[in-house]
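> Have a look at this prediction, sequence included:
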Amino acid sequence: MHIYNSWEGLKSKYDNIVVGLGNFDGVHIGHQKLIHELVVLAKKVQGTPVVFTFHPHPLAVLKPESCPPHLLSQECKQDIFTRLGVEVLLTIPFNLKLAGLSPEDFVRKVLCEEIGVRGVVVGYNYTFGHKAQGTPKLLNDLSKTYGFALRVIHPVTVDGQTVSSTAIRNLIKIGDVSGAAKLLGYYPFMSGEVVSGEKRGRKLGFPTANLEIDTEILVPANGVYAAKIDHRDDTYLGLVNIGVKPTFLGKKRNIEVHLLDFCQDLYGEQIKVNFTRRIREEKKFASPTELIEQIEADVHAARVEWLKTGE
């Protein structure tokens, strides 16, 4: 996949461009349906499937206090786009000049004159242009005026709930990672480098790998989680503790990962933590011994759950 930060010269590089518009935070199953339609339409016109998104998020420029934490890093989004068949990614820096474009100017100047779109694919609730005045209905009218195909993707629902990035954030905030996974189409995850910690877990008999918390990425609610840990080409079962370690009067929030049946040194290594389900809330224990007994119970509960689900 080719990545550009400007649309300048794009139409001279690629034939019959079909653009998917949106923010795509999480690239959830609704986004995946949109991108599938994008790729299908591009093949139909023997063209190029392009995702057009802004970075940073427009709210980070217009209303920073209202900008939500991300579900995925930019790099992780790019990896998923590639797997879904996107050939070109436009990550356009958002600024006040772009914010001032009217919906029709955005379509005429950017999509038609600069990019030369043959087709456009959007979600049912997509908005664009100055003060988000553009809607799919207006885009449909403009598609007839300027002569490009338009596909509007209807809402995707799971168990009666409409799939959205907001709904997924709300689930992750309360620790319902298994519920979030149904809407995402994959387990919520965090990736990062293992850094040195207090080594308290090793002393307790449960060595942990400590991950730095990315302040821009949404972290699940404090608690203990069953997880799958990807390291290099292998996957391990594990437990993840998110919280401040109240038993030891901690204050800083940490992510500590204990890999089951694993005894190697991970310092400086990259790992990916896939949260499968929440086992319990974070709790303060009366003593380290009581904590050890609870961790042993957590490990047992996780193994039983994995056996039941075939994971």
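Structure received.

> Only C-alpha atoms from now on, for both contacts and neighbour counts.
OK.

> quick one, strands of the stretch 201-311 of the chain?
According to DSSP state E, counting those that start in this stretch, the stretch 201-311 of the chain carries its strands in the segments 209-211, 223-231, 234-243, 254-259, 270-280.

> Need those strands in CSV (columns: mean pLDDT and distance to Val61).
Shown next, in CSV, are the strands of the stretch 201-311 of the chain (pLDDT from 0 to 100; distance: least, C-alpha to C-alpha, whole Å):
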stretch, mean pLDDT, distance to Val61
strand 209-211, 87, 29
strand 223-231, 93, 33
strand 234-243, 91, 30
strand 254-259, 90, 29
strand 270-280, 93, 30
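
> for the ones you listed, which one sits closest to Thr135?
strand 270-280 (35.6 Å; C-alpha to C-alpha).

> okay, the angle between the closest one and strand 234-243?
Our comparison of strand 270-280 with strand 234-243, counting by axes from the mean of the first three to the mean of the last three C-alpha atoms, to 10 degrees, yields an angle of 60 degrees.

> Quick check: neighbours of strand 270-280 in the sheet, parallel or antiparallel?
Strand partners for strand 270-280, identified by DSSP bridges, are recorded as strand 189-195 (antiparallel), strand 223-231 (antiparallel).

> To Leu84, which of those strands lies closest?
Using C-alpha to C-alpha, the nearest of these to Leu84 is strand 189-195, at 18.3 Å.

> Pull the residues that contact the closest one.
Where contact means C-alpha atoms under 8 Å, 6 or more residues apart in numbering, the residues beyond strand 189-195 that reach it are 209-212, 266-275.

> Could you export it as PDB, CA atoms only?
Taking C-alpha atoms only, strand 189-195 is exported to PDB below (Å, rounded to 0.1, in the frame of the first residue of the first chain):
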ATOM      1  CA  PHE A 189      -5.200  -5.000  21.300                       C
ATOM      2  CA  MET A 190      -2.200  -2.900  22.300                       C
ATOM      3  CA  SER A 191       1.300  -3.100  20.900                       C
ATOM      4  CA  GLY A 192       4.500  -1.800  22.300                       C
ATOM      5  CA  GLU A 193       8.000  -2.400  23.700                       C
ATOM      6  CA  VAL A 194       8.600  -4.200  26.900                       C
ATOM      7  CA  VAL A 195      10.200  -1.800  29.400                       C
END
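
> Buried ones in it, by neighbour count?
By neighbour count with 16 or more other C-alpha atoms under 10 Å, strand 189-195 contains the buried residues Phe189, Met190, Ser191, Gly192, Glu193, Val194.
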